[in-house]
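K.L.:
build me a model from this:
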Amino acid sequence: MSPRARKGRATGGRRRPPVRRRPRRPSKRRRTNDRLMGFLVAAVLAVAVVHLLLAHWWPLIVLGVLAVLAGGGWLYQRQQQERWEAVRSQRLRYELPQLDALHHSQFEDAVRDLMRRDGCQNAVRVGGAGDLGADVKATDPYGRRWVIQCKHRRNGLAGSAVGTPDLQVLNGTARQVHGADIAVIVTNGRVTAPAVTFAKQQRLHVIDRHTLEAWASGSRPLWELLRAVPPPRKPTALS
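P.N.:
Here you go, the predicted model:
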């Protein structure tokens, strides 16, 4: 029996697994050469692009001019829009028949726009389900926080009157929940005498139909039409 056969019998006929050789890593010199080649290719491409741009420079000038014109046109339109908004806010007026014809949500929008006209740039309408008695919120130029509840009556004075329960809702949430300095209820309808008395006791402000007409159709800010308004919270240019 040959030595190889005897060795196979001794090992039970099993062969040894072949020895795997580790792949050789490229040498450090080869990696350096590869990097240099990459740099050379990038440099050649860059030179080619620059040469192309220099040979065809006029498309770049055309594109630059178009970009400048487009940017100037956009800036001009934005400035015109801002000027138009400023003029519109200064001339914003509502007559009582206009306010009576509005939907209650549009009435809230009108109150918000009037507050913006008066200088409350952050005035926002928040009325809706779960508003907790606040339909419009705003901060006036004196830093005072306004919370306004709107009660629109389609029939004006002939509609249902704003009563004490409406004022109680405002009184319970305006300061405690919304952090109001000035809590206001505004309506294009009537306000009951007990509601007016309650408002005075609780330092609430009521804008009835008569006050609303003076505010909406005039140019005086709301705080100049109300009595016992809190002093400014912070010094401003208007103080």
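K.L.:
show me where the protein has helices.
P.N.:
Under the criterion DSSP state H, the chain contains helices at 3-10, 28-55, 58-90, 96-100, 104-117, 164-173, 193-201, 209-217.
K.L.:
which of those sits closest to P141?
P.N.:
Closest to P141 of these, according to C-beta to C-beta: helix 104-117, at 11.1 Å. C-beta coordinates here come from the backbone N, C-alpha and C atoms, glycine included.
K.L.:
ok now the closest one, how far from the chain's centre?
P.N.:
18 Å (C-alpha atoms, centre = their mean, to the nearest Å).
K.L.:
L157 is nearest to which of the helices of the chain?
P.N.:
When those are compared for distance to L157 using C-beta to C-beta, the nearest one is helix 209-217, at 6.3 Å.
K.L.:
send the alpha carbons of the closest one over as CSV?
P.N.:
Extracted as CSV, the C-alpha positions of helix 209-217 are listed here (Å, rounded to 0.1, in the frame of the first residue of the first chain):
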residue,chain,number,x,y,z
ARG,A,209,-72.7,98.8,17.9
HIS,A,210,-72.2,102.5,18.5
THR,A,211,-68.5,102.1,19.5
LEU,A,212,-68.0,99.6,16.7
GLU,A,213,-69.2,102.1,14.1
ALA,A,214,-66.8,104.8,15.4
TRP,A,215,-63.9,102.3,15.3
ALA,A,216,-64.5,100.6,12.0
SER,A,217,-65.5,103.7,10.0
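K.L.:
packing partners for it?
P.N.:
The elements that helix 209-217 packs onto, with contact taken as 3 or more C-beta pairs under 8 Å, 6 or more residues apart in numbering; DSSP states H and E, are helix 96-100, helix 104-117, strand 182-187.
K.L.:
got the contact list for that helix?
P.N.:
93-96, 99, 110, 114, 156-157, 186-190, 207, 220, 222, 225-226 (C-beta atoms under 8 Å, 6 or more residues apart in numbering).
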